[in-house]
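J.: Need coordinates for the below:
(one chain, ligands or ions: 1)
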Amino acid sequence: MNQPDLPPLRDVINRHGLFATKALGQNFLFDEQLLDRIAAIPGKLKGQDVLEVGPGPGGLTRALLRAGANVTAIEMDKRCLPALAELSEAFPGQLTVIEGDATKIDPATLFAGAYHIVANLPYNVGTALFTGWLSGENWPPQWASLTLMFQLEVAQRIIATPADPSAFGRLAVLAQWRSAAKLAMKVHRSAFTPPPKVMSAIVHVTPADMPQGVSARMLERVTEAAFGQRRKMLRQSLKGLPGALAALERLGIDPQRRAETLNVEEFVAIARELTA
Ligand SMILES: C[S@@+](CC[C@H](N)C(=O)[O-])C[C@H]1O[C@@H](n2cnc3c(N)ncnc32)[C@H](O)[C@@H]1O
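T.: As a prediction, this is how the structure comes out:
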């Protein structure tokens, strides 16, 4: 496919005066090879719908458009809109830009069918968006995959198992009980302008089967209680959740264990026992 000639991203930034703003979590990526590798993580995107949160000057957006995706991008920073309009012109009919706050827009209202979410997320809202996309009783979700940049430490919490007790917690259970979550790529801090203080990583998540007979809300209540007091034994941390101690007994789970020693399946089993 013929690709349009695009100016280097640094020129775009300079021409539009897009100096990075810390309050908006702006750390831009300029390395187009790296951006193409990120856009390849979800698999073939030709003709597929993609939601991008926070396109900024459009580095990742270009890569997604080059891969043939139809991109809907939500950006809060008005200053970026002229640069994104140029991209729209370069890839006719492939890019729709919505000016707004992604935390206030339900992606389901933007797409008729399945879509992928790909984003170099603003760190200040990344975890909230991620947990929102993974929550709710309806499963499978309308999104077909999530490909998201996080601080490395957050990425490690998402993919953690009880073998890594300091990282394993609510985020891991939420990301793994009905999805497959993997660390797709580590990204060095020097790849960003300006470089953030910490390293980053891209997590790739695809929906899996939802275990039968378990309410998502109940699982959240169990993990909230258990990890809310993670140093305490379950018999203490789950005491306030009606029926939880009896459920542990029925399941043969030792109430003297601590939350971080339970695997995802055990959390699911407890929530199932408590789901009416
Ligand atoms: C880490 S930068 C990534 C920029 C670009 N995608 C890249 O990879 O170079 C995050 C972007 O998200 C935007 N942003 C921050 N909060 C947002 C929100 N609540 N809704 C939509 N965009 C937001 C910022 O303005 C910024 O452009």
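J.: Now name the helix or strand holding Pro140.
T.: Secondary structure assignment for Pro140, by DSSP states H and E: no helix or strand.
J.: ok, how many other residues are close to it?
T.: 14 (other Cβ atoms under 10 Å). C-beta: built from backbone N, CA, C; applies to glycine.
J.: What residues does Val71 make contact with?
T.: Contact analysis of Val71 by Cβ atoms under 8 Å, 6 or more residues apart in numbering lists Val50, Leu51, Glu52, Thr61, Leu64, Leu65, Gln94, Leu95, Thr96.
J.: hang on, it in a strand?
T.: Yes: Val71: assigned to a strand according to DSSP: H, G, I helix; E, B strand; the rest coil.
J.: pLDDT at it, what is it?
T.: We have a pLDDT of 98 for Val71.
J.: And for Gln3?
T.: 83.
J.: How about the one 4 residues further on?
T.: Per-residue confidence for Pro7 comes out at a pLDDT of 94.
J.: which non-adjacent residue is nearest it?
T.: Arg15 (7.8 Å; Cβ to Cβ, 6 or more residues apart in numbering).
J.: any idea what that neighbour is structurally, helix, strand or coil?
T.: helix.
J.: Can you show me the strands along the protein?
T.: 28-29, 49-53, 70-75, 95-99, 115-120, 143-151, 179-187, 192-193, 200-207 (DSSP state E).
J.: what about this structure, any weak spots by pLDDT?
T.: Within the chain, the stretches with pLDDT under 70 are 1-2.
J.: Can you report how many residues lie near the closest residue to Leu146 other than its chain neighbours?
T.: The shortest distance from Leu146 to any non-neighbouring residue, by Cβ to Cβ, 6+ apart, is to Val205 (4.2 Å). Counted by other Cβ under 10 Å, the residues lying close to Val205 total 23.
J.: One more: Gln48?
T.: If we define neighbours as other Cβ under 10 Å, then Gln48 has 20 of them.
J.: surely Gly68 meets Leu45?
T.: Yes: using Cβ atoms under 8 Å, Gly68 is in contact with Leu45, at 5.9 Å.
J.: Give the residue from those two that has the larger number of neighbours.
T.: Neighbours were counted for Gly68 and for Leu45 using other Cβ under 10 Å; Leu45 has more, 22 against 15.
J.: do you know how far that one is from the ligand?
T.: Distance, Leu45 to the ligand, by Cβ to the nearest ligand atom, to the nearest Å: 16 Å.
J.: For that residue, give its distance to Ala90.
T.: Separation of Leu45 from Ala90 (Cβ to Cβ, to the nearest Å): 17 Å.
J.: ditto for Gly113
T.: 26 Å.
J.: Was I right to think Phe227 contacts Ala172?
T.: No: Phe227 lies out of contact with Ala172 (Cβ under 8 Å); the separation is 9.7 Å.
J.: Of the two, which one has the most company?
T.: Ala172 (25 against 20).
J.: quick one, what contacts the residue nearest to the more buried one when sequence neighbours are not counted?
T.: Excluding the flanking residues, the one nearest Ala172 by Cβ to Cβ, 6+ apart is Ala160, at 4.4 Å. For Ala160, the contact set (Cβ under 8 Å, 6+ apart) comprises Ala167, Phe168, Gly169, Leu171, Ala172.
J.: Out of these, flag the one nearest to the ligand.
T.: Set against the ligand, the nearest of the contacts of Ala160 by Cβ to the nearest ligand atom is Leu171 (19.4 Å).
J.: Touching, that closest one and Leu134? I think so.
T.: No: taking Cβ under 8 Å as the definition, Leu171 is not a contact partner of Leu134, at 9.1 Å.
J.: Neighbour count: Gly113 and Ala90, which is higher?
T.: Using other Cβ under 10 Å as the criterion, Gly113 and Ala90 rank with Ala90 on top: 17 against 8.
J.: which non-adjacent residue is nearest that one?
T.: Pro4 (4.1 Å).
J.: Asp164 and Gln156 touch, don't they?
T.: Yes: taking contacts as Cβ under 8 Å, Asp164 lies within contact range of Gln156: 7.2 Å.
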